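Asker: show me how the following folds:
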Amino acid sequence: MAEHKLVDGVKVILSDAEIAQRQADENAWNAGAFDRSLASLRAKRNLLLASSDYTVLQDSPLTSVKKSEWMTYRTGLRNLTQGLTTVEQVNAVAFPLKPQN
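Answerer: Residues are numbered from 1 along each chain as shown. Presented below is the predicted three-dimensional model:
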């Protein structure tokens, strides 16, 4: 079956060059799926790290036990992306639980 596009509301059959370009564009998009998923995961992770920076500062009001809990949490966040090789793995990542203050 021929592929079509609309030009000024008129259905027009795509040329072989247009079909090849559409397929190349689709392949490029699909090839970048892992990179886009990983970038999204890293962005979420980075926000969580930034929002918990205060917990590990020297002048933080937290006890040493609580600081240790937060350091463990933050290490878990930093390690989230290790070993991920597929979009499915990225989508299945479980974030560590944030310690209670």
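Asker: show me the contact partners of the lowest-mean-pLDDT helix or strand in the chain.
Answerer: Least confident helix or strand, the chain: helix 16-31 with a mean of 84, by mean pLDDT, DSSP states H and E. Identification of contacts with helix 16-31 by Cβ atoms under 8 Å, 6 or more residues apart in numbering yields 3, 5, 14. From N, CA and C alone the C-beta is placed, and that goes for glycine too.
Asker: ok, and the most crowded of those?
Answerer: Leu14 (14 neighbours; other Cβ atoms under 10 Å).
Asker: check contacts around it.
Answerer: Contacts of Leu14 (Cβ under 8 Å, 6+ apart): 2-5, 22.
Asker: from the centroid of this structure, which residue is nearest?
Answerer: With distances taken as Cα atoms, centre = their mean, Ser40 lies nearest the centre of the chain, 2.3 Å away.
Asker: what secondary structure does that one sit in?
Answerer: What DSSP: H, G, I helix; E, B strand; the rest coil gives for Ser40 is helix.
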